[in-house]
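>>> Pasting the sequence and the predicted coordinates here, then a few questions.
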Amino acid sequence: DTAVSQTPKYLVTQMGNDKSIKCEQNLGHDTMYWYKQDSKKFLKIMFSYNNKELIINETVPNRFSPKSPDKAHLNLHINSLELGDSAVYFCASSQDTFGTYNEQFFGPGTRLTVL
Amino acid sequence: ILNVEQSPQSLHVQEGDSTNFTCSFPSSNFYALHWYRWETAKSPEALFVMTLNGDEKKKGRISATLNTKEGYSYLYIKGSQPEDSATYLCAFIPGGGNKLTFGTGTQLKVEL
């Protein structure tokens, strides 16, 4: 029973391509997130959605566009991929509105490599 | 930019040792602090969510304390086992905030 799942797990692509990463949670949570783990293994928030509405949009290039078709799904689309986009991207979810009082549940991560 | 610092950066202990590490955060405006355990090649898993000054939480051999007035939290592991080897992350939320700001983690390795 996977609580938070992401696909694909690995993604290798050429610079300039457009790609998507999908995330689904079966926990019935209202809030979902995208995090980027940078080269120093630091986890940084990118976006957060609560019940399909965007509530956090950090300083992320507008080549990154999240989409939440329903509260169980949060996808991340990246246009015109650049070398610096190479990282591990984690999806997470939490029960409460802002994900601050309740623990967050993380997906397995998607390792994106841009060549 | 919130400053959430963890120390030490890495730690090697022997099996059976007890150990502890620190998370420091701004003390002026506190809402909550999370602790996560992150094993290599896996995803972070929540250990504790702490919200009140003086909070003490325990899960098995792992416990945590919180001092919001001075801006720190300690994580303790009693009788470390090799399976405790992981990176331990803390994450801070200020009052009025709506996101976690993670520290850079303490990487623990427990050797036989």
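Nice, thanks for sending it over.
>>> Quick check, the residue in chain B closest to chain A?
Across chain B, no residue is closer to chain A than B:Ala46, which sits at 3.3 Å (C-beta to the nearest C-beta). For the C-beta atoms, the positions are set from N, CA and C on the backbone; glycine is no exception.
>>> Just confirm that residue contacts A:Glu103, I think it does.
Yes. B:Ala46 lies in contact with A:Glu103 (C-beta atoms under 8 Å); the separation is 3.3 Å.
>>> Between these two, which contacts overlap?
Contact criterion C-beta atoms under 8 Å, 6 or more residues apart in numbering or on different chains; residues shared by B:Ala46 and A:Glu103: B:His34.
>>> Run through the residues of chain B sitting next to chain A.
Selection of chain B residues close to chain A by C-beta under 8 Å from any C-beta of the partner chain yields B:31-32, B:34, B:42-46, B:49, B:51, B:87, B:89, B:93, B:97-102, B:104-105.
>>> Write a PyMOL command that selects only the buried members of those.
Filtering the residues of chain B next to chain A down to the buried ones (16 or more other C-beta atoms under 10 Å in any protein chain shown) takes a single PyMOL command:
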select buried, chain B and resi 31+32+34+43+44+46+49+87+89+93+97+98+99+100+101+102+104+105
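>>> Next one: A:Thr97, what pLDDT does it get?
Note on A:Thr97: pLDDT of 66.
>>> which strands and helices sit next to the least confident helix or strand in chain A by mean pLDDT?
In chain A, no helix or strand scores lower on mean pLDDT, DSSP states H and E than strand A:53-57, which sits at a mean of 87. Contacts defined by 3 or more C-beta pairs under 8 Å, 6 or more residues apart in numbering or on different chains; DSSP states H and E place strand A:53-57 against strand A:43-50, strand A:64-70.
>>> Could you check the angle it makes with strand A:64-70?
150 degrees (axes from the mean of the first three to the mean of the last three C-alpha atoms, to 10 degrees).
>>> can you pull out the strands in chain A?
Counting by DSSP state E, chain A has strands at residues A:4-7, A:10-13, A:19-25, A:31-37, A:43-50, A:53-57, A:64-70, A:73-78, A:87-94, A:105-106, A:110-114.
>>> Point out where the chain drops to low pLDDT.
If you meant another chain, say so; for now it's chain A. Within chain A, the segments meeting pLDDT under 70 span A:1, A:97-100.
>>> wait, chain B
Looking at chain B by pLDDT under 70, you get B:1.
>>> rerun at 80
B:1-2, B:96-98 (pLDDT under 80).
>>> SS state for B:Glu83?
Classification of B:Glu83 using DSSP: H, G, I helix; E, B strand; the rest coil returns helix.
>>> helix/strand/coil for the closest residue to it other than its chain neighbours?
Leaving aside its chain neighbours, B:Glu83 sits nearest to B:Val110 (7.8 Å; criterion: C-beta to C-beta, 6 or more residues apart in numbering or on different chains). With three-state DSSP as the basis, B:Val110 sits in strand.
>>> Would you mind measuring from B:Val110 to B:Thr65?
Separation of B:Val110 from B:Thr65 (C-beta to C-beta, to the nearest Å): 21 Å.
>>> what's the answer for B:Gly95, then?
When C-beta to C-beta is the yardstick, B:Gly95 and B:Thr65 sit 20 Å from each other.
>>> Sounds good, over and out.
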